[in-house]
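Student: this is a predicted model, with the sequence first.
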Amino acid sequence: MTNKDYNICVSKYSDDVYRFVVYSGMDCESAKDIVQDAFLSLWQNHSDIEFSKSKSYLFSTAYNLVCSSFRHINVEKRYAEDVQINSSINIEDSYESRECLYKMLENIPEVQRSALILKDIEGYSYKEIADILKLSIQQVEVYIFRARVALKKNAIKNNLV
């Protein structure tokens, strides 16, 4: 990939990657950091990555960074009493329905949540999602179906439907 191709990637995909990270449950500041780290990784490996694969690379990198961040947050929470660290995920959003959606999304496994966000919110095809998450198309379809079922059950349970 050339410098020009990289600049095209930044202007073309930065908003999409940011939305994906935020909808994955990260707060705005952490999402900005993750997007920046994903683009930094792309730049550091730009000589090895074809321009046609840059979108998939960015989303895969962002997904891995989100997973890593959640693992880190979970470790902090687990050991917060021992080292007296107070950590939590702060989603700065005043809309009650959005908070409810985030809470329901937190209750489904990460891979299902990511697949659902990429499909229903970002509008990616099953093939693109499979490339991003490094899954088969059949796995993506199953994960999206299970995520939708879980969200529906949660909505019914909480009298939101």
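Tutor: Arrived safely. Numbers count the residues shown, from 1 in each chain.
Student: what's in contact with stretch 13-23?
Tutor: For stretch 13-23, contacts defined as C-beta atoms under 8 Å, 6 or more residues apart in numbering pick out 28, 30-32, 34-35, 38-39, 54-55, 58-59, 62-63, 65-66, 105, 114, 117-118, 121-122. The C-beta positions use only the backbone N, C-alpha and C, and glycine is treated the same way.
Student: what about stretch 108-115, average pLDDT?
Tutor: Averaged over stretch 108-115, pLDDT sits at 88.
Student: show me what counts as buried in that stretch.
Tutor: 108, 110-115 (16 or more other C-beta atoms under 10 Å).
Student: a markdown table for the residues you listed, including secondary structure and distance to residue 3?
Tutor: Formatted as a markdown table, those follow (DSSP: H, G, I helix; E, B strand; the rest coil; distance: C-beta to C-beta, whole Å):
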| residue | secondary structure | distance to residue 3 |
| --- | --- | --- |
| 108 | coil | 40 |
| 110 | helix | 34 |
| 111 | helix | 34 |
| 112 | helix | 37 |
| 113 | helix | 35 |
| 114 | helix | 30 |
| 115 | helix | 33 |
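Student: please indicate which of the contacts of stretch 13-23 are buried?
Tutor: Buried among those by 16+ other C-beta under 10 Å: 30-31, 34-35, 38-39, 54-55, 58-59, 62-63, 65-66, 105, 114, 117-118, 122.
Student: against residue 51, how distant is residue 59?
Tutor: Separation of residue 59 from residue 51 (C-beta to C-beta, to the nearest Å) stands at 15 Å.
Student: report how many residues lie close to the closest residue to residue 50 other than its chain neighbours.
Tutor: The shortest distance from residue 50 to any non-neighbouring residue, by C-beta to C-beta, 6 or more residues apart in numbering, is to residue 1 (6.6 Å). When neighbours are counted by other C-beta atoms under 10 Å, residue 1 registers 20.
Student: look at residue 1 and report its pLDDT.
Tutor: Looking at residue 1, the pLDDT reads 85.
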